[in-house]
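Trainee: Could you work out the structure for the sequence below:
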Amino acid sequence: MTIATRFAAALHEQTARGPGGTELLPVRLTRAAAATLGVDAAGLSVVDAAGARIPLGSSSTDAACAERLQFTVGAGPCWEAQRTRQPVFAVQADLRRRWAPFADLLASQTPFRAVVAFPLREDLAGAGALDLYFTADAAVPALDVFAAVAVGELVTAALTEAAVWSDWPAERGPDWLHGPEARRRAAVLRAAGRAAMALETDPATALTLLRGTAWSGGRTVEDVAEDLETGVLRIEDLAAGPVQGPAA
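Mentor: Okay, the predicted model is just below:
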């Protein structure tokens, strides 16, 4: 059975089982990718024209958390793959050496101990990346890299096809750009904008403050943004912490 046939069968199964809706297509794609490649979990994201990283979907709640943790510290294998357009292989020792804050949060909040990130070719939404998560370092050498690259191409093709065959406003983009994780990320950027106005600073600096507060509390920046939205946290209580990487 070819990789394409295996992936199509896995995607068909996910479509039959749910979740439904065009906006949740990335979730079905990541679940199909994880099943086809025999990895523990997968996550999918794109970088838009403005340079903002948008999470599209993940195969599990743990994978969604891992994706949010990379954004919280502003660095990680997925960021590197999207920046260099090269695959990134990172077992636990690599994670601790190159992205210590992310490695600490990943180990404390998820079962994953290794990540492999593949850049995806640019589609209608921007340059994407497929993150593959492993609970054990020993599983990384067993990954079929050719199959992973092929699955990445199939994922991109599915997203593009879904966009081509649906109607959507040019300023909004395809429905799969607006799933639950993407909406949470958009809330973070809104919170950073409000904090910037209140603190009389720029949004990039405000986002750094949100990240620092999240890192110091062992949380994700999405959680901090939600606390600001609901009034649990005051803007003046934001505290800088040891985060790194780009601002969006």
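Trainee: low pLDDT regions in this protein?
Mentor: Scanning the chain for pLDDT under 70 picks out 49-50, 123-126, 163-173, 239-248.
Trainee: Show me the strands in it, by range?
Mentor: Using DSSP state E, the strands of the chain run over 41-47, 53-58, 88-90, 114-120, 127-134.
Trainee: List the strands paired with the shortest one, with their directions.
Mentor: Which is strand 88-90. strand 114-120 (antiparallel) (DSSP bridges).
Trainee: What is the distance between the partner strand and the centre of its chain?
Mentor: In terms of CA atoms, centre = their mean, to the nearest Å, the centre of strand 114-120 is found 11 Å from the chain centre.
Trainee: same check, this time on stretch 112-123
Mentor: Taking mean C-alpha positions (CA atoms, centre = their mean), stretch 112-123 and its chain are 9 Å apart.
Trainee: mind listing what's buried in that stretch?
Mentor: Residues of stretch 112-123 classed as buried: 112-120, 123 (neighbour count, 16 or more other CB atoms under 10 Å). For every residue, glycine as well, the C-beta is placed using N, CA and C.
Trainee: same thing with stretch 21-28?
Mentor: Within stretch 21-28, the residues that count as buried by 16+ other CB under 10 Å are 22-28.
Trainee: what do you get for stretch 183-193?
Mentor: Buried residues in stretch 183-193, counted by 16+ other CB under 10 Å: 184-185, 188-189, 191-192.
Trainee: among these, which are in helices?
Mentor: 184-185, 188-189, 191-192 (DSSP state H).
Trainee: As TSV, those residues with distance to residue 141 would be great.
Mentor: TSV is the format used below for those (distance: CB to CB, whole Å):
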residue	distance to residue 141
184	34
185	33
188	36
189	38
191	41
192	40
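Trainee: quick check, nearest of these to residue 72?
Mentor: Checking those against residue 72 with CB to CB, the nearest one is residue 188 at 9.5 Å.
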